[in-house]
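> how would this look folded up:
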Amino acid sequence: MLDPELDKVVEFFSRRPRLKDMSVSQARALSRDWIKLAPRSGVPLNGVEDGAFAGREGNVRIRMYLPLQTVHGTVVFYHGGGFVLGDLDTHDEICRLLAHSSECRVISVDYRLAPEHRFPAAVTDAHDALRWAIDTYGGEIVVAGDSAGGNLAAVVTQLAKKDELREPRLQVLIYPALNLMGLEPSVIENYDSPFLAADDMRWFWEKYLTSPADASDLRASPILEKDLTGLPRALILTAEHDPLRDQGELYSALLRRSGVSVLGVRYSGVGHGFLSLPLATSRDAIRQIGEFVRSRLSQS
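Purely as a prediction, here's the structure:
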């Protein structure tokens, strides 16, 4: 059963064309309209600043959110949108709520999007953002992201270990896309979901990847990494009615088997992208993320 609060959202998506019938510009306009369904919470912050840093392949735009409370650390946040959609504005409210609930500085990363910039451009920008945050702020670093952003958060965490870069203290993966070759049972179960259908996933991957072979690259499908030992503690949130649900839950199990501490939580009655919607479940999830980050960082 779907959460009754989702009725308006289901109606909105039932009226739209499928992504496979849209151009990229039309899909991006739709994603901005979707965000308008969620009213602003008006949480108090100490400031919001736009900026940029010099990455290896050009400047990368960022937006920084400062909480009113003492800053416990820095959350580097990667937005979702299938590597094709999303920007600083579509995830502005999530980042405001996250800064408020975690009592951390949140840096939202405007990584390059496909198809203008295909794989691995987003990974390069995401990795550069982590390096920049470590060099600029030091202290405790958390990586977080939803959907495609959850993919990038998982990838840069693995890259930090391989590069012997100081690893993030925590990773927060929100309904992450972790296997671009995947056809897990949850994909079949939610094949025609109004929030993210199997055809939508195919549309995203075709625009992101340079060739089908890229899907087996660990920087595209981090769930394929064989050595997960020594990675930082994780919070992995999944949604009941989400084709990506099983990927997140399998990754939780693989991390645990490798000795990594994982808190995995499945939210019932909701689908992919629920954190962007004005639901009681979404508010609960933000509170849980904030508590997870605050409590772990305060132990340092």
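> Please name the nearest non-neighbouring residue to residue 73.
Distances taken as Cβ to Cβ, 6 or more residues apart in numbering place residue 140 nearest to residue 73, at 3.3 Å, with adjacent residues excluded. Every C-beta, even on glycine, is put in place using the N, C-alpha and C of the backbone.
> who's in contact with stretch 117-134?
Outside of stretch 117-134, the residues within contact range by Cβ atoms under 8 Å, 6 or more residues apart in numbering are 53, 55-57, 60, 62, 74, 76, 78, 83, 107, 109, 111-114, 141, 143, 148, 152-153, 155-156, 159-160, 165-166, 168, 207-210, 214, 217, 219-220.
> Which of the helices or strands spans residue 219?
Assessed by DSSP states H and E, residue 219 sits outside every helix and strand.
> Does the closest residue to it other than its chain neighbours lie in a helix or a strand, and which?
Leaving out its chain neighbours, the residue that sits closest to residue 219 by Cβ to Cβ, 6+ apart is residue 123, at 4.8 Å. In this assignment (DSSP H and E), residue 123 forms part of helix 121-137.
> In a strand, residue 173, correct?
Yes. According to DSSP: H, G, I helix; E, B strand; the rest coil, residue 173 belongs to a strand.
> Distance check, the closest residue in space to it that isn't next to it in sequence against residue 14.
Excluding its sequence neighbours, the residue lying closest to residue 173 (Cβ to Cβ, 6+ apart) is residue 150, at 4.1 Å. Distance of residue 150 to residue 14, given as Cβ to Cβ, to the nearest Å: 26 Å.
> Please, where are all the strands along the stretch 101-250 of the chain?
For the stretch 101-250 of the chain, the strands defined by DSSP state E, counting those that start in this stretch cover 105-110, 141-146, 170-174, 233-241.
> Tell me which of these is the most buried.
strand 141-146 (a mean of 28; mean count of other Cβ atoms under 10 Å).
> which stretches of the stretch 151-300 of the chain have low pLDDT?
Flagging of the stretch 151-300 of the chain using pLDDT under 70 yields the residue ranges 300.
> quick revisit: just checking, the residue nearest to residue 173 touches residue 80?
Yes. Applying Cβ atoms under 8 Å, one finds residue 150 in contact with residue 80, separated by 7.1 Å.
> what do these two both touch?
Common contacts of residue 150 and residue 80 (Cβ under 8 Å, 6+ apart): residue 174.
> Next one: residue 68 from residue 99, what distance?
9 Å.
> Have a look at the two and say which one is more surrounded.
residue 99 (29 against 12; other Cβ atoms under 10 Å).
> That one falls within a helix, correct?
Yes. If the criterion is three-state DSSP, then residue 99 is within a helix.
> Any regions of the stretch 1-150 of the chain where pLDDT drops low?
Segments of the stretch 1-150 of the chain classed as low confidence (criterion: pLDDT under 70) are 1-3, 5, 8-9, 12-13, 37-39.
> what are the ranges of the helices in it?
7-15, 24-35, 92-102, 121-137, 148-162 (DSSP state H, counting those that start in this stretch).
> Repeat that for the stretch 201-300 of the chain.
Under DSSP H, counting those that start in this stretch, the stretch 201-300 of the chain gives helices at 245-257, 280-297.
> So which of those helices is the most surrounded?
helix 245-257 (a mean of 20).
> residues in contact with residue 199?
18-20.
> same deal with residue 282?
Contacts of residue 282 by Cβ under 8 Å, 6+ apart are 270, 274-276.
> got those as JSON lines, with neighbour count and distance to residue 296 columns?
Converted to JSON lines, those look like this (neighbours: other Cβ atoms under 10 Å; distance: Cβ to Cβ, whole Å):
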{"residue": "270", "neighbour count": "26", "distance to residue 296": "25"}
{"residue": "274", "neighbour count": "26", "distance to residue 296": "24"}
{"residue": "275", "neighbour count": "27", "distance to residue 296": "20"}
{"residue": "276", "neighbour count": "23", "distance to residue 296": "25"}
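> Inside strands: which ones of those?
Secondary structure from DSSP state E places residue 270 of those in strands.
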